[in-house]
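*Asks:* Here you go, sequence then predicted model.
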Amino acid sequence: MEADEAVVAWKRLEPNTSAPLPAYAPAAVSDFLDRGRESLTAATRALDSGDDVAAGRELHSLRQSFHELRRNSGLYDLGDCVFEIAPAMEKLRVAATRYGEQPAPASAEDTVAAASAFRDRLQRCNDWASPEIAEKSEFRRLIDGAIASSGEIAHAAMAGDGPLVHRYLIELRSYAQLLDFRYG
């Protein structure tokens with residue numbers, strides 16, 4: 001249903017013969033609108049055929065192109081910062097999983113480094129939050145909890161506690177997903 005609503009809303013954004021893009025609009029906007037329409041159509045087709053993975057890939061591609069358009073236009077905000085949490089979370093997931101499979105000192109160092117990079121990304125997003133958002137208890141709970149847990153996963157890895165690393169990883173993935181869902 002949401003994909004269908006997005007397609008309808010997207011059509012209102014697209015230029016048409018009665019209301020073309022303004023002459024000063026950059027070509028990137030036109031390209032973005034064209035690619036977005038194609039991505040939404042492909043996602044809808046994939047959902048209709050039951051291919052959730054392909055639909056997710058198309059929607060992620062659309063989000064990525066929107067993020068790039070905003071960044072290139074100088075319109076970076078909290079949503080863009082939160083979008084950039086996912087790659088840092090993925091690096092932490094890989095490092096923590098590797099640590100769980102082989103809890104060697106080198107694996108612990110990789111986990112600590114990935115946790116530090118993730119915490120830095122979270123802190124950056126905290127700094128990007130407007131005062132209105134930063135004061136919301138929901139945002140505080142998510143961002144502060146994620147920052148604290150990113151420090152704890154590093155401590156657990158250095159202590160050699162594989163099960164605790166795994167529990168913190170699950171917690172951090174939840175925080176990252178909730179931040180993305182609510183503020184991304």
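*Replies:* On my side now, so go ahead. Numbering: from 1, shown residues only.

*Asks:* ok now do the residue nearest in space to the middle of the chain, which residues does it touch?
*Replies:* Central residue check for the chain by CA atoms, centre = their mean: the C-alpha nearest the mean position is that of Phe83, 3.1 Å away. By CB atoms under 8 Å, 6 or more residues apart in numbering, the residues touching Phe83 are 63, 67, 180, 184. Where you see a C-beta, it was placed from the backbone N, CA and C, and this is true even at glycine.

*Asks:* any idea how far it is from Tyr168?
*Replies:* Noted for Phe83: a distance of 23 Å to Tyr168, by CB to CB, to the nearest Å.

*Asks:* before we move on, what about Thr41?
*Replies:* 40 Å.

*Asks:* Neighbour count: these two, which is higher?
*Replies:* Neighbours were counted for Thr41 and for Tyr168 using other CB atoms under 10 Å; Tyr168 has more, 25 against 14.

*Asks:* hang on, the earlier thing: what is the nearest of the contacts of Phe83 to Ile147?
*Replies:* Distance to Ile147, by CB to CB, is smallest for Asp180 among the contacts of Phe83, at 15.8 Å.

*Asks:* The closest one and Ile85 touch, don't they?
*Replies:* Yes: contact criterion CB atoms under 8 Å: Asp180 and Ile85 qualify, at 6.8 Å.

*Asks:* Give me the helix or strand of this protein that scores worst on average pLDDT.
*Replies:* In the chain, no helix or strand scores lower on mean pLDDT, DSSP states H and E than helix 2-13, which sits at a mean of 63.
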